[in-house]
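> Got a predicted model here, sequence first, then my questions.
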Amino acid sequence: MNVDIGNALASVASPGVSRESLERLDEQVAVAHERIEEGMANEEHGYEALNLPQRTDPDEIRATVEPVADAEILITVGIGGSSLGAATITNALDSDTETVFLDNVDPEWVSSHLERLPLENAAINVVSRSGKTAETLANFLVVREAFESAGVDWTERTIVTTGDSGPLRDLAERHGLPSLMVPDGVPGRFSALSAVGMVAASVCGHDLEALLAGAAAERETLTGSLFDCPAYAYGATTYALDQRGAGVNAVMPYAESLETSAEWFAQLWAESLGKDDLGQTPVRALGVTDQHSQLQLYRAGPRDKLVTFVTTGERPDRSIPATDVDELAYLGDATLGELLEAEFEATEASLAAAGRPNVRVELEAVDEYELGGLLYGLEAACVLAGELYGVNTFEQPAVEWAKKATRGLLGGGEFEEADAVAEKTELRVER
Ligand SMILES: O=P(O)(O)OC[C@H]1O[C@](O)(CO)[C@@H](O)[C@@H]1O
């Protein structure tokens with residue numbers, strides 16, 4: 001990926017970061033880079049994620065998924081990092097395999113999928129690093145029952161990716177299910193380039209080697225200066241802007257195929273950096289659509305935002321039929337792709353003209369190589385930002401309270417805070 005941070009400089013935007021500030025910050029980037037390299041060399045928890053390009057084994061993944069390689073439909077049961085990486089990859093690329101991601105326990109939504117899908121042509125990709133996430137296990141039990149009701153032997157259609165212990169590992173061993181390991185030291189939101197994200201990619205027929213090659217090429221760009229490394233330029237610029245008041249980061253890919261990548265980024269950024277009262281709020285946006293939804297706020301609302309555009313280079317285009325409608329004469333013989341590109345450039349210029357900081361993350365295409373580079377590059381940017389914030393990038397303790405309260409409310413274990421949930425303050429305004 002390439003990064004253009006020009007529209008985030010103080011000379012054009014407020015909040016903005018001066019070139020001199022970035023040069024001073026570059027000294028911290030160099031120190032942070034040393035720490036990152038040390039963490040990678042020592043295979044330390046979290047930093048290990050940046051070693052995935054050489055750790056992940058495509059042959060092992062392909063061999064494991066071979067029993068379901070013919071699936072016309074792949075149902076992935078997981079949540080957070082155990083779903084979003086796989087969804088980012090498979091939603092970005094064309095495949096003959098239909099993918100469904102059950103990453104919520106909305107009964108109507110789960111039932112609507114299971115009732116419409118021909119389960120005899122489907123496979124189950126159940127993913128959980130801990131192997132005990134309530135939503136994933138609950139949905140898996142529901143999906144398994146649906147397969148049984150349809151007379152389909154789920155044990156012949158299920159791939160498991162989990163840690164070396166826990167309920168899901170036990171289930172895989174008990175039923176002799178094909179399984180893969182979630183690599184040690186890799187938090188879920190950093191695991192897209194492991195089996196966690198690549199089992200689905202493999203079943204969909206995508207080029208695993210190209211995904212890893214793109215990531216490996218991005219790994220090679222990690223140097224001690226933000227001026228030589230796109231990932232560090234992005235991580236350092238977002239940090240510097242947050243320090244100057246841009247507490248919101250709206251990620252706006254100009255491609256439907258990359259919409260899920262903004263959802264994946266939201267977890268990566270929020271769960272890694274949102275600690276000790278610090279962190280930048282990710283917003284999922286989409287170009288051109290959110291020009292008609294959120295752009296008003298981005299251009300004229302509070303000066304508390306960075307907009308991260310993601311552009312995609314040349315892609316298949318489609319012509320717009322000629323028209324005699326006078327108001328549309330400006331379209332001329334433009335294509336849809338040319339219209340989208342013009343809208344992106346106009347929106348980028350609109351924010352710059354209004355002094356609103358924005359950064360362009362550029363892909364050359366939407367293919368496995370570029371996707372691997374994007375995933376890796378944004379992960380490296382996040383690790384750098386975490387070093388600059390001084391937070392523990394790779395843990396997420398704040399999510400545990402609600403999990404324990406949920407178990408308490410369902411009677412699944414002693415949890416004094418469950419009473420606090422029951423005693424919540426109310427001021428109901430009823431119709
Ligand atoms: O892969 P698991 O263990 O099911 O966890 C799913 C998700 O839940 C979290 O642990 C947060 O609760 C995320 O960090 C993780 O990606």
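On my side now, so go ahead. In this text the structure is predicted, and so the values were computed from the model without any measurement. Numbers count the residues shown, from 1 in each chain.

> what sits against Lys132?
When contacts are counted by Cβ atoms under 8 Å, 6 or more residues apart in numbering, Lys132 touches Gly166, Pro167, Leu168. (Glycine included, C-beta is placed from N, CA and C.)

> Just to check, Gln54 is in contact with Ala216?
Yes: counting by Cβ atoms under 8 Å, Gln54 touches Ala216, with 7.0 Å between them.

> and Gln296, how many neighbours does it have?
Close neighbours of Gln296, defined as other Cβ atoms under 10 Å, add up to 10.

> What residues does this protein have near the ligand?
Within the chain, the positions adjacent to the ligand are 79-82, 128-130, 133, 136, 187-189, 271, 396, 399 by Cβ under 6 Å from any ligand atom.

> Surely Asn91 touches Ser257?
Yes: the criterion here is Cβ under 8 Å, and Asn91 meets it with Ser257 at 6.7 Å.

> Low-confidence stretches in the chain?
Applying pLDDT under 70 to the chain flags the ranges 413-422.

> Apply 90 and report the result again.
Scanning the chain for pLDDT under 90 picks out 224, 314, 322-324, 329-330, 332, 401, 404-426.

> residue boundaries of the strands in it?
2-4, 73-77, 98-102, 122-128, 158-162, 179-181, 248-253, 281-284, 305-311, 358-362 (DSSP state E).

> Settle it for me: which of Gln54 and Ala216 has more neighbours?
The neighbour comparison of Gln54 against Ala216 (other Cβ under 10 Å) goes to Ala216, with 18 against 10.

> circling back: how about TSV for the strands of the chain, with mean neighbour count added?
Supplementary listing: those in TSV, determined by neighbours: other Cβ atoms under 10 Å:
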stretch	mean neighbour count
strand 2-4	18
strand 73-77	26
strand 98-102	20
strand 122-128	28
strand 158-162	28
strand 179-181	19
strand 248-253	24
strand 281-284	20
strand 305-311	25
strand 358-362	21
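
> can you redo those as JSON lines with distance to Ala346?
Shown next, in JSON lines, are the strands of the chain (distance: least, Cβ to Cβ, whole Å):
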{"stretch": "strand 2-4", "distance to Ala346": "16"}
{"stretch": "strand 73-77", "distance to Ala346": "37"}
{"stretch": "strand 98-102", "distance to Ala346": "33"}
{"stretch": "strand 122-128", "distance to Ala346": "40"}
{"stretch": "strand 158-162", "distance to Ala346": "43"}
{"stretch": "strand 179-181", "distance to Ala346": "45"}
{"stretch": "strand 248-253", "distance to Ala346": "13"}
{"stretch": "strand 281-284", "distance to Ala346": "20"}
{"stretch": "strand 305-311", "distance to Ala346": "12"}
{"stretch": "strand 358-362", "distance to Ala346": "13"}
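
> list the contacts for the closest residue to Pro67 other than its chain neighbours?
Distance criterion Cβ to Cβ, 6 or more residues apart in numbering; nearest residue to Pro67, sequence neighbours excluded, is Pro178 at 5.9 Å. Pro178 is in contact with Thr64, Val65, Glu66, Pro67, Thr158, Ile159, Val160, counting by Cβ under 8 Å, 6+ apart.

> Let me know the closest of those residues to Tyr330.
Val65 (49.6 Å; Cβ to Cβ).

> wait, that closest one sits on Ile159?
Yes: because the distance of 5.7 Å satisfies Cβ under 8 Å, Val65 is recorded as touching Ile159.

> which residues do those two both contact?
Shared contacts of Val65 and Ile159, defined by Cβ under 8 Å, 6+ apart, are found at Pro178, Val199, Val203.

> if we can go back for a sec, just the buried residues out of the contacts of Lys132, in ChimeraX syntax.
Restricted to buried positions by 16 or more other Cβ atoms under 10 Å, the ChimeraX selection for the contacts of Lys132 reads:
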select :166,167,168
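
> Inside helices: which ones of the contacts of Lys132?
Pro167, Leu168 (DSSP state H).

> if we can go back for a sec, relative to Pro118, how far out is the residue nearest to Pro67?
Taking Cβ to Cβ, to the nearest Å as the measure, Pro178 falls 22 Å from Pro118.

> do the same with Glu343
Applying Cβ to Cβ, the value for Glu343 to Pro118 is 39 Å.

> Gly332 now?
Distance from Gly332 to Pro118, by Cβ to Cβ: 46 Å.

> Then Leu297?
43 Å.

> The two: which has the busier surroundings?
Neighbour count, other Cβ under 10 Å: between Leu297 and Pro118, Leu297 has more, with 14 against 10.
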